[in-house]
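Visitor: Make a model of this:
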Amino acid sequence: MKKYIRFLGLGILLFIVPMVSQAQQSLLQNANEYYDYLAFSDAIPLYQRVLKSDSMNPEALIKLADCYRLTNNNLKAMETYAKVVTLKEKQPIHEFLYAQTLMVAGKYAEAKEHMKAYTADPRGELFAKSIDNIDNFYKNKDKYKVTKALFNSPKNDFSPAFYKDNSIVFTSSRDRTEMISYKSAWTGNNYDALYIVKKRVNGKYTSPNLFDEGGNAQLNDGAAFFSFDWKHVYFTKNNSDESGEVKDSNGKLKLKIFQATVGKTNNFKDIREFRYNSKDYNCAHPTLNDSSTIIYFSSDMPGGHGGMDIWVSYKKDSIWTSPINLGDHVNTLGNEVFPYLFKNNRLYFSSNGLNGMGGLDIYSVELDGNGLPKERPQNIGAPINSNFDDFGMILYPSADSGYFSSNVGRANNDDDIYFFALKKPIEEIKILGTVTDSKTNEIIVDAKVTLKDNTGKVIEELTSDKDGKFSFKADYNKDYVLTSQKEKYTDATPKAISTKVATNVKEITANLVLEKKVEDVVVVEEKFNTK
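Guide: Numbering: from 1, shown residues only. Predicted structure coming up:
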């Protein structure tokens with residue numbers, strides 16, 4: 001009987017194992033279908049279920065790591081790529097992708113080892129050198145004051161654009177007050193839409209409102225740029241027609257550039273496609289010169305250097321010329337995205353293929369008279385760039401302030417918009433004077449002069465120069481005390497100094513006098529020898 005039960009148990013096991021294996025394979029197949037259609041947020045839980053039963057399933061691990069990376073979940077991507085690089089099925093690119101996640105996490109030492117291990121193309125060596133020189137990106141970290149814009153939401157907010165009446169138009173996947181909410185299968189968030197805020201005189205903003213109330217809530221709208229006269233808008237949108245989404249031959253939805261006339265109620269009229277759009281590749285992130293005769297944009301069209309590249313086209317007789325790739329000074333095997341043209345002669349853009357701090361960094365390149373790069377791009381460094389994704393920068397005409405987008409410090413990796421402004425030099429006033437002898441009025445050289453605050457704390461010490469002069473830099477609206485000492489002189493009487501004066505007063509003179517000590521008279525008693 002026991003023998004029968006043993007064989008019966010074995011039979012049940014042999015029956016169940018194929019069923020479990022078949023279910024796992026079916027689950028993996030379903031996950032792959034979502035993955036192939038770029039529905040990464042839907043694919044993630046299915047890959048997680050596959051790995052729950054088979055924790056080192058190569059296909060599930062690799063594609064789950066990709067899903068986390070493409071939905072900006074860097075922590076999960078890093079954890080998963082760490083397992084991927086131990087697989088015998090790993091590809092060289094996985095070493096590079098893992099190193100990128102380590103850079104975003106600020107783990108530069110580990111990232112460098114994996115960058116050095118990646119030799120399939122020059123990026124490994126390039127980023128290893130970037131890590132060696134990481135401190136260079138922080139040398140101007142105190143140049144700007146950076147603050148998070150008050151109109152951000154808990155979801156993605158990015159790619160600001162200037163609009164008339166001191167307004168900002170930006171892209172957001174924030175929740176809407178609609179009866180039916182449509183989600184992007186890629187991110188799991190609402191589809192992106194354009195919103196508008198107006199900056200008041202006091203620096204605060206109006207509440208964000210949809211820019212075009214009649215926009216399509218079932219497709220992404222974003223990365224807009226307005227013509228110099230505010231009458232036209234160029235923007236990025238999912239490929240679609242009257243019937244809905246238009247996918248490529250592999251079932252993938254691409255991005256296209258559209259142009260429209262802006263109506264009085266901010267509605268889009270006369271919407272038309274950019275001449276070089278295609279259902280087979282992406283065109284996105286347009287920016288134009290002041291006369292709307294030159295357009296820069298991002299695209300992965302054939303003829304590029306890899307990933308998304310920056311391209312330029314010129315308007316000749318109302319027709320856009322065939323796009324020109326900006327070349328390998330700008331474009332790399334990585335992605336170059338979100339170009340922004342400033343004063344017709346300087347291009348800002350983001351890249352994850354040039355030497356940088358991690359993720360997307362913002363770069364600047366000067367353009368020649370034909371609108372082409374005349375130098376190699378420069379990483380603009382901290383505090384605007386970080387080891388996270390930084391992109392979508394715009395500048396006010398004065399060039400001392402503007403906005404950019406970043407997911408720096410966001411646990412959920414959503415993007416926010418930041419305002420930056422050049423820090424003004426601290427207003428300083430000089431306290432200067434001369435040290436002289438109280439009796440003879442002669443200058444005293446090398447006298448120690450001390451500046452203290454009103455609590456007695458020493459701010460700075462120096463010695464009078466060859467002309468008996470001294471000079472301190474001090475703050476406005478404070479009280480100070482000056483003292484002086486010199487060997488063979490009595491200490492100067494402390495002199496109170498107040499810098500609570502008008503800011504047009506740049507100097508306060510405070511002379512100091514020292515009194516020479518009276519030398520001790522030595523009486524020598526003569527001793528006479530008497531006999």
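
Visitor: Next, count neighbours for the nearest residue to V50 once chain neighbours are set aside.
Guide: In this structure, V50 finds its nearest non-sequential neighbour in A60, 4.3 Å apart by Cβ to Cβ, 6 or more residues apart in numbering. Using the backbone N, CA and C atoms, a C-beta is placed for each residue, glycine as well. For A60, the number of neighbouring residues by other Cβ atoms under 10 Å comes to 26.

Visitor: next SSE after the helix or strand encompassing A60?
Guide: A60 belongs to helix 58-70 when elements are defined using DSSP states H and E. Beyond helix 58-70 in the direction of the C-terminus, DSSP H and E gives the next helix or strand as helix 74-84.

Visitor: what's the helix holding A60 in contact with?
Guide: Judged by Cβ atoms under 8 Å, 6 or more residues apart in numbering, the contacts made with helix 58-70 from elsewhere in the structure are 28, 31-32, 35, 40-41, 43-44, 47-48, 50-51, 54, 74, 76-77, 80-81, 83-84, 87, 89-90, 94, 97, 101, 186.

Visitor: before we move on, the earlier item: and the residue nearest to V50, how close does it get to N504?
Guide: For A60, the distance to N504 (Cβ to Cβ, to the nearest Å) stands at 70 Å.

Visitor: F470 now?
Guide: F470 sits 23 Å away from N504, taking Cβ to Cβ as the criterion.

Visitor: now do N267
Guide: Counting by Cβ to Cβ, the gap from N267 to N504 is 51 Å.

Visitor: neighbour-wise, which of the two wins?
Guide: When N267 and N504 are compared for neighbours, N267 comes out ahead with 14 against 5, by other Cβ under 10 Å.

Visitor: give the contact list for L333.
Guide: Shown here is L333, whose contacts under the criterion Cβ under 8 Å, 6+ apart are 121, 123, 305-307, 353.

Visitor: so what's it closest to, chain neighbours aside?
Guide: G306 (3.7 Å).

Visitor: ok, that neighbour touching T332?
Guide: Yes. With contact defined as Cβ atoms under 8 Å, G306 and T332 form a contacting pair (6.7 Å).

Visitor: who's more crowded, the two?
Guide: Here G306 and T332 are set side by side on neighbour count (other Cβ under 10 Å), and the busier one is T332, at 21 against 15.

Visitor: Return the residues in contact with that one.
Guide: With contacts taken as Cβ under 8 Å, 6+ apart, T332 has the following neighbours: 123, 305-307, 351, 353-354.

Visitor: could you redo the last one with a cut-off of 6 Å?
Guide: Taking Cβ atoms under 6 Å, 6 or more residues apart in numbering as the criterion, T332 is in contact with 353-354.

Visitor: now it, what's its secondary structure?
Guide: Following DSSP: H, G, I helix; E, B strand; the rest coil, the label given to T332 is coil.

Visitor: What ranges does the protein have for its helices?
Guide: Counting by DSSP state H, the chain has helices at residues 2-36, 40-53, 58-70, 74-84, 92-104, 108-117, 123-132.

Visitor: Quick check: which of the ones you listed is nearest to F388?
Guide: helix 92-104 (5.9 Å; Cβ to Cβ).

Visitor: what's that closest one packed up against?
Guide: Contact partners of helix 92-104 among helices and strands, from 3 or more Cβ pairs under 6 Å, 6 or more residues apart in numbering; DSSP states H and E: helix 74-84, helix 108-117.

Visitor: cutoff 7 Å now
Guide: Packed against helix 92-104 by the contact rule (3 or more Cβ pairs under 7 Å, 6 or more residues apart in numbering; DSSP states H and E) you find helix 74-84, helix 108-117, helix 123-132.

Visitor: Let's have these in JSON lines, adding mean neighbour count.
Guide: As requested, the helices and strands packed on helix 92-104 are exported to JSON lines (neighbours: other Cβ atoms under 10 Å):
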{"stretch": "helix 74-84", "mean neighbour count": "21"}
{"stretch": "helix 108-117", "mean neighbour count": "18"}
{"stretch": "helix 123-132", "mean neighbour count": "18"}
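
Visitor: Make JSON lines from those and add mean pLDDT to it.
Guide: Shown next, in JSON lines, are the helices and strands packed on helix 92-104 (pLDDT from 0 to 100):
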{"stretch": "helix 74-84", "mean pLDDT": "96"}
{"stretch": "helix 108-117", "mean pLDDT": "96"}
{"stretch": "helix 123-132", "mean pLDDT": "94"}
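
Visitor: hang on, the earlier thing: just give me the least confident of the contacts of L333.
Guide: By predicted confidence, the contacts of L333 are weakest at G306, whose pLDDT stands at 88.

Visitor: Distance check, it against K76.
Guide: For G306, the distance to K76 equals 25 Å [Cβ to Cβ].

Visitor: what's the answer for D66, then?
Guide: Using Cβ to Cβ, D66 is found at 11 Å from K76.

Visitor: returning to that earlier point: got the helices of the chain as a markdown table, with distance to L462 columns?
Guide: Shown next, in a markdown table, are those (distance: least, Cβ to Cβ, whole Å):
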| stretch | distance to L462 |
| --- | --- |
| helix 2-36 | 69 |
| helix 40-53 | 63 |
| helix 58-70 | 56 |
| helix 74-84 | 50 |
| helix 92-104 | 45 |
| helix 108-117 | 41 |
| helix 123-132 | 39 |
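
Visitor: Confidence-wise, which of those helices is weakest overall?
Guide: Comparing mean pLDDT over those, the weakest stretch is helix 2-36, at a mean of 64.

Visitor: Y403 is in contact with L395, correct?
Guide: No. No contact is recorded between L395 and Y403 when judged using Cβ atoms under 7 Å, the distance being 8.5 Å.

Visitor: And the two? Which one has more around it.
Guide: Legend: neighbour count by other Cβ under 10 Å for L395 and Y403, higher for Y403 (21 against 18).

Visitor: Might you report the residue contacts of the residue nearest to the more buried one when sequence neighbours are not counted?
Guide: Distances taken as Cβ to Cβ, 6+ apart put P160 closest to Y403, at 4.3 Å, once the chain neighbours are dropped. Residues in contact with P160 (Cβ atoms under 7 Å, 6 or more residues apart in numbering) are 168, 170, 392, 394, 403, 417.

Visitor: ok, the closest residue to D157 other than its chain neighbours to P286 distance?
Guide: Excluding its sequence neighbours, the residue lying closest to D157 (Cβ to Cβ, 6+ apart) is S172, at 4.7 Å. When Cβ to Cβ is the yardstick, S172 and P286 sit 19 Å from each other.

Visitor: Show me the shaky parts of the chain.
Guide: Scanning the chain with the threshold set as pLDDT under 70 gives 1-21, 23, 176-189, 213-220, 240-245, 248-249, 411-412, 519-531.

Visitor: Nearest residue to the middle of it?
Guide: D390 (2.7 Å; Cα atoms, centre = their mean).

Visitor: I'd say it and M357 touch.
Guide: No. Using Cβ under 7 Å as the test, D390 is too far from M357 to be in contact (8.4 Å).

Visitor: Look up which residues are beta-bridged to the residue nearest to the centre of the chain.
Guide: Each beta-bridge partner of D390 is listed here: S406, as defined by DSSP bridges.
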